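Visitor: Let me see the structure of the following:
(one chain, ligands or ions: 1)
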Amino acid sequence: MDNIFRFADELGPAKIIHIYEREADLKAIVVVDNIDCGPAIGGVRMATDVTTEEVFRLARAMTLKNAAADLPHGGGKSAILADPKQPLADKERLVRTFARAIRDVTEYIPGPDMGTDEQCMAWIKEEIGRAVGLPKAIGGIPLDEIGATGFGLSICAEIASKFCHLNLEGARIVIQGFGSVGKNAARFLTAKGALLIGAADSQGTLFNPLGIDVKQLIKLKNSGKSVISYPQGDKLDRDAVIDIECDIWIPAARPDIIHADNVDRLKTQLVISGANIPFTEAAERICHERNIIVVPDFIANAGGVICAAVEYDGGNQTTAFETIAKKIRYNTTLVLEQVAKTGKLPRQAAVELAQRRICLARQDI
Ligand SMILES: NC(=O)c1ccc[n+]([C@@H]2O[C@H](COP(=O)([O-])OP(=O)(O)OC[C@H]3O[C@@H](n4cnc5c(N)ncnc54)[C@H](O)[C@@H]3O)[C@@H](O)[C@H]2O)c1
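Guide: A predicted model of the protein is given here:
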């Protein structure tokens, strides 16, 4: 038989639950990884092909992200094994059945993730009284609409740029992935004086060394078009975004985009990780050796979950922005100071920061 305790280590996971509800044909996995800092917050993913191992890895990432952000929350994640594009009435039935099935797992607070949205969270909240990432009408802070994660990335870039003697005013930025995270990172960074010179989506790359009008590009994207429909500038293929020389490169698309075989193509001083695990371990190490600072995902992109935690605590949008700025400013400084002092990899310094906070929380129990 499979070793069901194969993931167990000093942090968790506290619980792995497999749910099968025959009548609704619900198949789901819940991993509550660590609750030393408080009840676990983590998204509900809906996809047909998620494995227990993947849910565990995502839950562990939330443990580190929430602890690093010093939130009163542990890490968890869940998955409903189903097609997220099924008819809405069927999706609602499934999500509500899932909610009722986790009613007593009170140490897990569900949030939105790939394949679920604020409407799904509203159904869960109605069933069991707990969920984050809710619609505005029922007290939620619309984190994608306000650009919570992109805002956090801009704060992170502001601090990190000082560690590579870069002036954000006039800094050339390139963004891979122009969705919710990428668009808002561009919006907040250009408001601080940076110049967007490259942006890519799944259709291709737009390059304009003179600068791209971010408002116009966002309007174009929101109307359903690709970045390559922007009138001025060169239109290149999708992965050409990796080759554009710039000061700050922001991955905001998918995991494992930069690896040992393509990392040498990057010509930048600073990487602010918007996507989750956009660089492989080897690529992060190579960047470190080449003096390119790569700020780890769970430090840079914590804006969304910080916003969710503020919402859970009854706060509003203003409090969310203030809290994101304060926490990301503080953590980016702590991590990069450690790197400068010890020569450690930024990810190692960030993991140690998260682990220290979990240890402290344990002592308080
Ligand atoms: N939304 C959040 O608040 C949040 C928080 C933390 C982490 N993340 C992570 O950030 C990433 C982006 O999230 P999002 O919410 O912006 O998603 P999104 O779906 O809104 O946008 C993704 C964008 O990436 C583009 N893309 C996909 N594959 C690409 C490729 N190979 N090359 C270039 N562009 C590509 C898509 O065309 C799209 O423009 C994901 O990895 C997500 O897990 C999101």
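
Visitor: how about residue 324, what does it touch?
Guide: Residue 324 makes contacts with 148, 151-152, 155, 302-303, 306-307, as judged by CB atoms under 8 Å, 6 or more residues apart in numbering. For glycine as for every other residue, the C-beta is placed from the backbone atoms N, C-alpha and C.

Visitor: and this structure, which residues reach the ligand?
Guide: 143-144, 149, 176-182, 200-202, 238, 252-254, 274-276, 301, 304 (CB under 6 Å from any ligand atom).

Visitor: switch the cut-off to 5 Å
Guide: Contacts of the chain with the ligand, taken as CB under 5 Å from any ligand atom, map to 149, 176-181, 200-202, 238, 253-254, 275-276, 301, 304.

Visitor: Pull out the buried members of the residues you listed.
Guide: Buried subset of those (neighbour count, 16 or more other CB atoms under 10 Å): 149, 176-181, 200-201, 238, 253, 275-276, 301, 304.

Visitor: number of nearby residues for the residue lying closest to residue 276 once chain neighbours are set aside?
Guide: Among residues not flanking residue 276 along the chain, residue 297 sits closest, at 5.1 Å (CB to CB, 6 or more residues apart in numbering). Neighbours of residue 297 under the rule other CB atoms under 10 Å: 23.

Visitor: thought residue 297 was touching residue 277?
Guide: Yes - using CB atoms under 8 Å, residue 297 is in contact with residue 277, at 6.1 Å.

Visitor: and for these two, which residues touch both?
Guide: residue 61.

Visitor: Grab the nearest non-local neighbour of whichever residue of the stretch 151-300 of the chain sits closest to the ligand.
Guide: Closest to the ligand within the stretch 151-300 of the chain is residue 179: 1.7 Å, counting by CB to the nearest ligand atom. Nearest residue to residue 179 in three dimensions, chain neighbours excluded: residue 252, at 6.9 Å (CB to CB, 6+ apart).

Visitor: tell me how far the longest helix along the chain is from the chain's mean position?
Guide: The helix that spans the most residues within the chain, counting by DSSP state H, is helix 317-342. Here helix 317-342 is found 15 Å from its chain centre; the criterion is CA atoms, centre = their mean, to the nearest Å.

Visitor: do stretch 206-226 as well
Guide: Per CA atoms, centre = their mean, the centroid offset for stretch 206-226 relative to its chain is 23 Å.

Visitor: give me the number of residues near residue 196?
Guide: Neighbours around residue 196, by other CB under 10 Å: 25.

Visitor: And the pLDDT for the residue lying closest to residue 83 once chain neighbours are set aside?
Guide: Nearest residue to residue 83 in three dimensions, chain neighbours excluded: residue 48, at 5.8 Å (CB to CB, 6+ apart). pLDDT for residue 48: 96.

Visitor: Low-confidence bits of the stretch 251-365 of the chain, can you list those?
Guide: 365 (pLDDT under 70).

Visitor: Noted, bye for now.
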